[in-house]
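Novice: Structure for the following, please:
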Amino acid sequence: MSAAGPPDLIGAIGALMKGEKPKAPYTLNDMGEDVVGLLDALDIEKAHICGFSMGGAIAQTIAISHPSRVLSLILIYSPTGNPNLPKPKPEITGLLMAPASPDRNAYADEQIRMRRMISRSGFPLEEA
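Specialist: All right, here's what the predicted structure looks like:
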């Protein structure tokens, strides 16, 4: 990793949002192949694959490259990488990318504010 330098997550996300391929020495496909290698090492033929955020993107590469290894696929907050889909609102992206407050009450307020922004009428927010 030191030879490749530190990862540029913001740059990679920006490239994806523009429909460009991000520059990375270790790709999502590489990470998916590592998961399949771990399944092999553990002698697991098929698995339920669940991924959150970037983990969901990795899970998608496994499902595409190794569909016979996937019993089910659960994706949570995971992009498809399709640049033609609607983009998140900038204010939501800002909240998601901002560092979490170390203060418990401020952190709770941040989480409630974010959830207000992403909630929909069919799934009312229970702030308590």
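
Novice: Could you check how far the residue nearest the centre of the chain is from residue 84?
Specialist: With distances taken as Cα atoms, centre = their mean, residue 53 lies nearest the centre of the chain, 1.8 Å away. Residue 53 sits 20 Å away from residue 84, going by Cβ to Cβ, to the nearest Å. Quick note: C-beta positions are derived from backbone N, CA and C, even for glycine.

Novice: Count the neighbours of the closest residue to residue 83 other than its chain neighbours for me.
Specialist: Spatial nearest neighbour of residue 83, chain neighbours left out: residue 19 (3.3 Å); criterion: Cβ to Cβ, 6 or more residues apart in numbering. Look at residue 19: counted by other Cβ atoms under 10 Å, it has 10 neighbours.

Novice: What distance do you get for residue 19 to residue 100?
Specialist: 30 Å.

Novice: OK, contacts around residue 96?
Specialist: The contact partners of residue 96, by Cβ atoms under 8 Å, 6 or more residues apart in numbering, come to 88, 114.

Novice: could you show me where the strands are in this structure, in order?
Specialist: Along the chain, the stretches classed as strands by DSSP state E are 47-52, 70-76.

Novice: Next, format those strands as CSV and append mean pLDDT, distance to residue 34 and mean neighbour count.
Specialist: As requested, the strands of the chain are exported to CSV (pLDDT from 0 to 100; distance: least, Cβ to Cβ, whole Å; neighbours: other Cβ atoms under 10 Å):
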stretch, mean pLDDT, distance to residue 34, mean neighbour count
strand 47-52, 95, 13, 16
strand 70-76, 94, 16, 13
